[in-house]
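return a 3D structure for these sequence lines:
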Amino acid sequence: MTSFWTGKRVRLRGIEPDDWAAFMRFTADEERLGDLLQPPRSAEGYRVWAREQAGAQPGGDCFRLAVEAVGTGEIVGTVGSHLADPRAGWFEYGVTIGADHWRKGYAVEAVVLLLRFMFAERRYHRCQARIFAHNEASLSLHRRLGFTEEGRLRDHVFFAGRHHDLVMMGMLADEFAQLHSVSRL
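Numbering: from 1, shown residues only. Prediction:
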């Protein structure tokens, strides 16, 4: 039997200490995309962070996973839930795929695996994503996945010297089930 966490293209797995260099590249890619600008972190800072992530005990419904290409074993991105309210039944998630791996179907499959877990196994009712309005690729990805634009927070975030809109997108568990197999990929 194939793991619940493995699809045709990607496998979601825990972060390992040796993944630090990939996460450093992902941060550089996000900065080039115009995402939030953070102060530079040293290579040792990434090493320490990856060791901490690798040693962390799983707990709750907020976690980050590495996205690994099935064919090569290379880490191509990250996906995870970063806010969750089990009582109200909603969670928020994020996905990042390294620039060298865009448009290969990795993001779609990683998100579907994560959403399947959160909706079917953890019984959440709603997922939401916050996307910078200028990030057309991410907005398009979420529309293809079946997310609905639910609102726009005007001038909500400040980076790169000016304010930017933030688009709120959401999907309900029954909408996911209608579009994506709840069992396996």
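
in terms of helices and strands, where is residue 157?
Per DSSP states H and E, residue 157 falls inside strand 148-159.

which strands and helices sit next to that strand?
strand 162-172 (3 or more C-beta pairs under 8 Å, 6 or more residues apart in numbering; DSSP states H and E). (C-beta placed from N, C-alpha, C; glycine too.)

can you give me the buried ones in the helix or strand following the strand it packs on?
Note on strand 162-172: by DSSP H and E, the next helix or strand toward the C-terminus is helix 173-179. Buried residues in helix 173-179, defined by neighbour count with 16 or more other C-beta atoms under 10 Å: 173, 175-176.

so which of those comes closest to residue 78?
residue 176 (20.8 Å; C-beta to C-beta).

which helices and strands does the least confident helix or strand in the chain by mean pLDDT pack with?
Ranked by mean pLDDT, DSSP states H and E, the weakest helix or strand in the chain is helix 20-33, scoring a mean of 86. Packed against helix 20-33 by the contact rule (3+ C-beta pairs under 8 Å, 6+ apart) you find helix 43-55, strand 75-85, strand 90-97.

rewinding a little: just put the buried residues of helix 173-179 in TSV and tack on pLDDT.
TSV is the format used below for the buried residues of helix 173-179 (pLDDT from 0 to 100):
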residue	pLDDT
173	97
175	97
176	97
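
ok, the residues you listed vs residue 17, which is closest?
Distances from residue 17 to these, taken by C-beta to C-beta, are shortest for residue 176, at 33.4 Å.

go ahead and confirm that closest one touches residue 147.
No - counting by C-beta atoms under 8 Å, residue 147 is not a contact partner of residue 176; they are 9.5 Å apart.

shared neighbours, those two?
Each of residue 127 lies in contact with both residue 176 and residue 147 under the rule C-beta atoms under 8 Å, 6 or more residues apart in numbering.

hang on, the earlier thing: and the helices and strands packed on helix 20-33, which one's lowest on average pLDDT?
Across the helices and strands packed on helix 20-33, helix 43-55 has the smallest mean pLDDT, namely a mean of 92.

buried stuff in it?
Buried residues in helix 43-55, counted by 16+ other C-beta under 10 Å: 46-47, 49-51, 53.

same check, this time on stretch 91-105
For stretch 91-105, using 16+ other C-beta under 10 Å, the buried residues are 91-98, 101.

what is the nearest of those residues to residue 168?
Using C-beta to C-beta, residue 92 comes nearest to residue 168 of these, at 9.8 Å.

in TSV: the buried residues of helix 173-179, plus distance to residue 154.
Converted to TSV, these look like this (distance: C-beta to C-beta, whole Å):
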residue	distance to residue 154
173	29
175	26
176	28
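
right, I'll call it a day here.
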